[in-house]
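1. Pasted the sequence and its predicted model underneath.
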Amino acid sequence: MKKRVSYFELLSKVRPAQSAERALESNRLFAESPRKHPKELAPSVQALVEFVKRPENDFLRIYIGSMLDEANQKNPLNIKTPADFFQQLDNALYSLPKYDADFMAALPFYTVLQPFMENGPGWAFFTTQSIRPYFAAILKAYHDKLETPASLAYMNDSYGNWLSADAREYLSLDDYVYSPSEPHGGFKSWNEFFIRKFKDLDASRPIAPDPSGKAIISPVDGQVFKISKQVQRESTFDIKGEQYYLTDLLNEPADSPLLKPFINGLAVQIVLMPFNYHRWHSPVTGKIKKVRTVPGFFFAQPAPDQDYAASFPFLSHVNTRTVLFIESANPAIGEVAMVFVGLTEVSSCVATVKEGDQVQRGDEIGHFAFGGSTCCTLFDRSKIASLSITDSPVLGDGGGGSGEQLDNIVMVRQNIGAAL
């Protein structure tokens, strides 16, 4: 089986060889896609084109031209003009995810846009507030496409596709609900495949008995990125993308009572790879206090040339995300807040609970649609002083007994912390 790639290896500062390889993948997509007249582009892409063409948006046109020039100086790309750039966005919109253990071909938008995200003009373009709704519409159109039967073109057991023997082992598909004898494994769309359920939830996510009522589990499967023990109420002027600030993270005013339990609190951020289980589960038993989805960016990073993988705290403050508060049934635990953040291709963070719902520890509360994603969970540090996050050589990262194991895997099947 191919070695699993961590998010840090996939999305951190790119080595020259990796950068050249991504340029080749982007060029392949451009070369294999039919050239379209501007009026033939997808409506969501056309809307972005028309917005950028407005006289008052000359600065956006300058950003685009400059980001293309800088990217081509680093690696020759087929995308050399603004018209090429919009054509390539359309190409990505019509590209289905392909099985790839390194997940470049599986992430068409990231492959296309990453060379521009990492330079100054590209950073300025993608972090322009007026651009955000247009990329939201493009990714919504992509999400809708992945909800259709047409999205199943590579969902078969032919070599190199998502149900092939190699992919079946890599993705631990035998642990999930799917039907090898049925067309497309029984899946009705790509997104149904992506948010596939465990065949036996109790076996795949066993929760140890907790007579004390004080145990907490992780809401997601993934890799631990960061643990912070002093979360701040508000940001200062020197944000470096390394700290967590409640007003921005939770999108609440500084005087909101929802923030109070988490000031100087404890945070753990977990990053999900595309091969991970993408459903969310309640870390505690209690009542849903508030749920809201916050519109945000999709292809931003804190600064030009900054390590994208190191920017997850920053992205948790500015990307599209769903924020969910739970009031624990046990006062010893107190309140818990979770921020489910979409990365790269993700255009949908879906909560399946609402304010006032009662949940048990381990109950499903939502899911991510396709792409990368991360979850930041906040605790009241006066009640949860530390976390007991451990690796398991047996359960690993859902590797189906392959022996492969990534570092710092959060085992949702184990407790990650407990009340004092």
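-> Yep, it's here. The shown structure was predicted, so the numbers you read here are calculated from the model rather than taken from an experiment.
2. residue contacts, residue 62?
-> Contacts here follow Cβ atoms under 8 Å, 6 or more residues apart in numbering; on that basis residue 62 touches residue 121. Using the backbone N, CA and C atoms, a C-beta is placed for each residue, glycine as well.
3. And the pLDDT at it?
-> You'll see residue 62 listed with a pLDDT of 97.
4. in which helix or strand would I find it?
-> Secondary structure assignment for residue 62, by DSSP states H and E: helix 58-74.
5. again with residue 89
-> Residue 89 belongs to helix 82-93, assigned by DSSP H and E.
6. per-residue confidence averaged over the helix or strand following that helix?
-> Following helix 82-93 in sequence order, the next helix or strand is helix 108-117 (DSSP H and E). Helix 108-117 carries an average pLDDT of 86.
7. Name the residues that touch helix 108-117?
-> 14, 19, 22-23, 25-26, 29, 67-68, 71, 74-75, 77, 79, 88-89, 91-92, 95, 97, 104-105, 122-123, 125-126, 139, 142, 299-301, 308, 344-345, 372.
8. Selection in PyMOL covering whichever of those are buried, please.
-> In PyMOL syntax, the buried subset of the contacts of helix 108-117 is picked out as below (16 or more other Cβ atoms under 10 Å):
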select buried, resi 14+19+22+23+25+26+29+67+68+71+75+77+79+88+89+91+92+95+97+104+105+122+123+125+126+139+142+299+300+301+308+344+345+372
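9. related to what we said a few turns ago, C-alpha coordinates for the helix holding residue 62, PDB please?
-> In PDB, the C-alpha atoms belonging to helix 58-74 read as follows (Å, rounded to 0.1, in the frame of the first residue of the first chain):
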ATOM      1  CA  ASP A  58      -8.900  47.500 -11.700                       C
ATOM      2  CA  PHE A  59      -6.800  46.500  -8.600                       C
ATOM      3  CA  LEU A  60      -8.200  43.000  -8.900                       C
ATOM      4  CA  ARG A  61      -7.100  42.800 -12.500                       C
ATOM      5  CA  ILE A  62      -3.600  44.000 -11.500                       C
ATOM      6  CA  TYR A  63      -3.500  41.300  -8.700                       C
ATOM      7  CA  ILE A  64      -4.400  38.600 -11.200                       C
ATOM      8  CA  GLY A  65      -1.900  39.700 -13.800                       C
ATOM      9  CA  SER A  66       0.900  40.000 -11.200                       C
ATOM     10  CA  MET A  67       0.100  36.600  -9.500                       C
ATOM     11  CA  LEU A  68       0.200  34.900 -12.900                       C
ATOM     12  CA  ASP A  69       3.600  36.500 -13.700                       C
ATOM     13  CA  GLU A  70       5.100  35.500 -10.400                       C
ATOM     14  CA  ALA A  71       3.900  32.000 -10.500                       C
ATOM     15  CA  ASN A  72       5.200  31.500 -14.100                       C
ATOM     16  CA  GLN A  73       8.600  32.700 -13.000                       C
ATOM     17  CA  LYS A  74       8.700  29.900 -10.400                       C
END
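10. buried sites along it?
-> Residues 60, 63-64, 66-68, 70-71 are the ones in helix 58-74 that count as buried (16+ other Cβ under 10 Å).
11. closest to residue 40 among the residues you listed?
-> Distance to residue 40, by Cβ to Cβ, is smallest for residue 64 among the buried residues of helix 58-74, at 20.1 Å.
12. Low-confidence stretches in the stretch 201-350 of the chain?
-> 235-242, 302-311, 346-347 (pLDDT under 70).
13. can you give me the helices for it?
-> 201-204, 246-249, 312-318 (DSSP state H, counting those that start in this stretch).
14. counting contacts, what elements does the longest one pack onto?
-> Other helices and strands packing on helix 312-318, by 3 or more Cβ pairs under 8 Å, 6 or more residues apart in numbering; DSSP states H and E, are strand 222-228, helix 246-249, strand 266-272, strand 335-343, strand 372-379.
15. returning to that earlier point: who wins for proximity to residue 325 among the helices of the stretch 201-350 of the chain?
-> helix 246-249 (11.9 Å).
16. out of the helices of the stretch 201-350 of the chain, deepest packed?
-> helix 312-318 (a mean of 24; mean count of other Cβ atoms under 10 Å).
17. State the pLDDT value of residue 97.
-> 87.
18. and what of the one 3 residues further on?
-> The predicted structure scores residue 100 at 76 on the pLDDT scale.
19. Test of understanding: give the bridge partners of the residue sitting nearest the centre point of the chain.
-> Residue closest to the average C-alpha location in the chain (Cα atoms, centre = their mean): residue 373, at 1.7 Å. Counting by DSSP bridges, residue 373 is bridged to residue 272, residue 342.
20. Please verify my assumption that it contacts residue 343.
-> Yes - Residue 373 is within contact range of residue 343, at 5.6 Å (criterion: Cβ atoms under 8 Å).
21. which residues do the two both contact?
-> Common neighbours of residue 373 and residue 343 (Cβ under 8 Å, 6+ apart) do not exist.
22. I'd like the mean pLDDT over stretch 154-162, please.
-> 92.
23. Return the residues in contact with residue 162.
-> 99, 154-156, 171, 185, 193.
24. can you list the residues that contact stretch 173-181?
-> Residues contacting stretch 173-181 (Cβ under 8 Å, 6+ apart): 157, 163, 167-168, 185-187, 193, 196-199, 204, 398, 400.
25. How about it, which residues are buried there?
-> Applying 16+ other Cβ under 10 Å to stretch 173-181 flags 173, 175-176, 178 as buried.
26. and which of those is nearest residue 268?
-> residue 175 (24.5 Å).
27. got the phi/psi numbers for that closest one?
-> Residue 175 adopts backbone torsions of phi -80, psi -10, taken as degrees, to the nearest 10.
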